[in-house]
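Engineer: starting from these lines, generate the structure:
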Amino acid sequence: MLVAGVLVAGSGAGAATPGLVAAVTGTVRPAARPRAQAVVDSGTGAGVVAGGLLVLAVPEAWRPAWVAFAVLAVLTTAAADRRSRWPTAAAGSPRAPLGELTRPLVAAASVLLLAVRPGSVAVAAVALAGFGCTFVVLSGVLIAWGAHRMPTAAPQAAAVLFIGLTVGQAAGALLLGAVADATRPPTAFGVAAGLLLAAVPAAERVRPPVAPGSRRR
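Structural biologist: The predicted structure follows:
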């Protein structure tokens, strides 16, 4: 039952992402869409922190707390649906600067800290905080980048990107464990940091599409 609940709840955020992208695209003015999408995307992390602190503060009331979380989720979804203006297929999306993708460097650095000082609790805490914050920020950047690449199909682009992100997380965890077993954990984290660094210039080389009627400079 726990495994089923975790799988359903964990996939819920990814499943809701395309709809939220469409809601932001249709409701928020173009100049404010990237910031609004970033706020929406960071809500997951904020909710986990708030929920975790509540359960830790009152551990004997964890059942009512989880019921309250579920009720709040339903009410929030209904309110967002009523207040959103859903775009048509031809609606445009804001452009996101590809330079924002350099933020993986903070994640490349955080993982490298684990490789350099794997036995330090303080270093591990800093590394986890840096990687977690960067992951949330980059999720928003990933959504904006998908909308920039496919302005007429931003929700579909977000779905494809988040499916790839989820598959990469699962495969990366398995590969990280295999490398750690074959060598040492510091070596595994060093390899992971190297892959993150290699991904940055690859993403930066992707050129945005040329808008109809415009000329390439």
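Engineer: tell me which element residue 11 is part of?
Structural biologist: Assigned by DSSP states H and E, residue 11 belongs to helix 2-27.
Engineer: for that helix, buried residues please.
Structural biologist: 13, 14, 16, 17, 18, 19, 20, 21, 22, 23, 24, 25 (16 or more other C-beta atoms under 10 Å). Placement of C-beta: from N, CA and C, glycine included.
Engineer: do stretch 167-186 as well
Structural biologist: 176, 179, 180, 185, 186.
Engineer: tell me the contacts of the residue most central in space within the chain?
Structural biologist: Nearest to the geometric centre of the chain sits residue 139, at 2.9 Å (C-alpha atoms, centre = their mean). Residue 139 sits next to 41, 165 when contact means C-beta atoms under 8 Å, 6 or more residues apart in numbering.
Engineer: work out the gap between the helix or strand where it lies and the centre of the chain.
Structural biologist: Taking DSSP H and E as the criterion, residue 139 maps to helix 121-149. Offset of helix 121-149 from its chain centre (C-alpha atoms, centre = their mean, to the nearest Å): 7 Å.
Engineer: next, the angle helix 2-27 makes with that helix.
Structural biologist: Calculated by axes from the mean of the first three to the mean of the last three C-alpha atoms, to 10 degrees, helix 121-149 forms an angle of 50 degrees with helix 2-27.
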